[in-house]
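Undergrad: What would the 3D arrangement of this be:
(one chain, ligands or ions: 1)
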Amino acid sequence: MNERIGFIGLGIMGRGMAHNILKSGFALTVWNRTASKMQPLLQAGAHAAASPADLASQSDIIIICVSDTPDVQAVILGEEGVLSGAKPGSLVIDCSTISPTVTRELAARLREKGVHMLDAPISGGSEGAIKGALSIMVGGEIADFERALPVLRAMGEKITHVGDHGAGQTVKLMNQILVVGHALAMSEALLFGQASGVDLAKALEAVKAGAAGSWMLSYRGPQVLARDWRPGFTIDLQQKDLRLVLDAADDVGCPAPATAFVFQLYRTLQAQGLGSEGNHALVKALENLAGFEIEKAL
Ligand code: NAP
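TA: Okay, here's the model as predicted:
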């Protein structure tokens with residue numbers, strides 16, 4: 001436990017992850033753009049930094065979990081950013097979901113200063129972040145991966161080294177293709193069940209443990225039936241990930257028709273001002289097409 005950890009970005013995911021790092025016995029310094037969000041962590045024993053640079057100067061391992069590619073660039077390269085404070089030999093672990101190409105550029109910029117980097121995007125939702133049960137897909141040098149394992153184990157259960165810099169982000173984009181495919185399948189199945197007049201709560205129980213089961217169906221299906229649109233993962237962030245998928249697929253010349261379709265459905269929901277709802281609200285786009293709604297059943 002000699003490595004001192006710094007954590008930047010205490011949003012829906014980051015706050016649970018940071019709490020689990022503290023619980024595992026690491027010394028923890030935190031920074032969040034909106035300072036008030038640091039309070040629960042400070043009460044639990046973390047220290048506050050004044051900026052990402054200040055945090056980096058006090059940390060051996062710097063974990064970042066912010067929204068999008070420009071946000072990670074700002075936190076690392078900006079004035080008072082990680083790059084200006086980090087010591088040679090320190091390790092940056094980026095748990096945000098961002099562009100694989102920009103990830104490789106950031107790793108090269110940090111390396112010029114002797115700072116190592118891993119891309120380590122996460123999956124498992126807010127529930128997985130709280131429980132320390134995330135899946136973490138890691139890109140970068142194997143020695144850095146082995147160094148990071150103790151702190152990654154504080155946050156996740158399934159931790160996989162998948163290749164060099166950027167490979168973690170590529171695998172995360174594969175993960176997102178699967179997530180929205182499951183969300184679309186769930187939405188269409190529930191809408192069909194509603195139109196056919198079956199009890200949707202019983203239907204969900206009947207199918208979720210079989211071959212049709214998925215994380216989406218188990219965790220978000222009940223939320224749809226309760227018409228509870230609070231986010232584990234917002235539509236705006238989901239849409240950001242689909243844009244990353246479509247850009248990366250374009251780069252490699254790979255068709256991604258299902259992702260493109262779901263991207264357009266989420267766009268209709270954003271146009272209605274629903275971007276801060278959970279990604280399971282995808283069902284509302286199909287309800288709009290169908291002209292009827294799934295009734296509250298839980
Ligand atoms: P969130 O609740 O919206 O939190 C975003 C965090 O990023 C906040 O701490 C925010 O600071 C910070 N931030 C954003 N832009 C920033 C900037 N320019 N400079 C400094 N800080 C900035 O998002 P989240 O759901 O925790 O997601 C975080 C990352 O994890 C995203 O890349 C997302 O795609 C990924 N992820 C999320 C889930 C999920 O289920 N939620 C699952 C897997 C992966 P403020 O508090 O000041 O706004």
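Undergrad: pLDDT at the nearest residue to residue 132 once chain neighbours are set aside, what is it?
TA: Nearest non-adjacent residue to residue 132, counting by C-beta to C-beta, 6 or more residues apart in numbering: residue 20, 4.3 Å away. No exception for glycine: its C-beta is placed from N, CA and C like everyone else's. On pLDDT, residue 20 comes in at 98.
Undergrad: any idea how far residue 99 lies from residue 80?
TA: From residue 99 across to residue 80, the span is 23 Å (C-beta to C-beta, to the nearest Å).
Undergrad: Neighbour count for these two, which is higher?
TA: For residue 99 versus residue 80, the count of surrounding residues by other C-beta atoms under 10 Å is larger for residue 99: 22 against 16.
Undergrad: how many neighbours does residue 44 have?
TA: 13.
Undergrad: State the distance from it to residue 19.
TA: Residue 44 is 6 Å from residue 19, by C-beta to C-beta.
Undergrad: just residue 243 next, same as before
TA: With C-beta to C-beta as the criterion, residue 243 and residue 19 are 30 Å apart.
Undergrad: neighbour-wise, which of those two wins?
TA: residue 19 (23 against 15).
Undergrad: Sketch out the low-pLDDT regions of this protein for me.
TA: Scanning the chain for pLDDT under 70 picks out 1.
Undergrad: How about the most centrally placed residue in it: what's its closest non-neighbour residue?
TA: Nearest to the mean C-alpha position of the chain, counting by C-alpha atoms, centre = their mean, stands residue 122 at 5.2 Å. Of all residues not flanking residue 122 in the chain, residue 134 sits nearest, at 4.6 Å (C-beta to C-beta, 6+ apart).
Undergrad: Closest residue of the protein to the ligand?
TA: The ligand sits closest to residue 11 of the chain, with a gap of 1.9 Å, by C-beta to the nearest ligand atom.
Undergrad: Skip the chain neighbours and tell me the closest residue to that residue.
TA: Residue nearest to residue 11 in three dimensions, not counting chain neighbours: residue 65, with 6.9 Å by C-beta to C-beta, 6+ apart.
Undergrad: Now for the one you found: which residues touch it?
TA: 7, 8, 9, 11, 13, 14, 17, 95, 96, 122 (C-beta atoms under 8 Å, 6 or more residues apart in numbering).
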